[in-house]
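Q: coords below, sequence missing:
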């Protein structure tokens, strides 16, 4: 069994109003050295296969078709063997 660890973030060219709100809140709390915050998602997907390349291929396919919006988001993933 493999686990796909997927990180999804907005592309740099896309405004991140939620990240801006968090940065402003941190500034108000005294963390004035924080210059930027970007909000994203972290997903763990367990894939029941003994073939690492198949798990990686399927995880990329899942991201492209459903998990990430390719117009405004980037993703990166790592495949880790479980057990």
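A: Cool, got the structure. It should be emphasised that the depicted structure is a prediction, and the values quoted were computed from it without experimental measurement.
Q: which residues in this protein form strands?
A: Secondary structure of the chain (DSSP state E): strands at 2-10, 40-47, 73-81.
Q: how about the nearest residue to residue 7, chain neighbours excluded?
A: Nearest-residue entry for residue 7: residue 76, 5.2 Å, with adjacent residues in sequence omitted and distances by C-beta to C-beta, 6 or more residues apart in numbering. The way it works is simple: take the backbone N, C-alpha and C, and place the C-beta from them, glycine included.
Q: now swap in residue 20 and tell me
A: Of all residues not flanking residue 20 in the chain, residue 37 sits nearest, at 7.4 Å (C-beta to C-beta, 6+ apart).
Q: and what of residue 45?
A: Nearest to residue 45 is residue 4, by C-beta to C-beta, 6+ apart, at 4.4 Å.
Q: what about the one you found, how many residues nearby?
A: By other C-beta atoms under 10 Å, 21 other residues sit near residue 4.
Q: one step back: just confirm the residue nearest to residue 20 contacts residue 24, I think it does.
A: No. With contact defined as C-beta atoms under 8 Å, residue 37 does not count as touching residue 24 (9.1 Å).
Q: count of residues packed around residue 80?
A: Applying other C-beta under 10 Å, we find 13 residues neighbouring residue 80.
Q: ok, it to residue 5 distance?
A: 6 Å (C-beta to C-beta, to the nearest Å).
Q: ok, residue 44 next?
A: 6 Å.
Q: more crowded one of the two?
A: The neighbour comparison of residue 44 against residue 5 (other C-beta under 10 Å) goes to residue 5, with 14 against 9.
Q: report pLDDT for the closest residue to that one other than its chain neighbours.
A: Spatial nearest neighbour of residue 5, excluding adjacent residues (C-beta to C-beta, 6+ apart): residue 78 at 4.9 Å. Reading off the confidence values, residue 78 has pLDDT 98.
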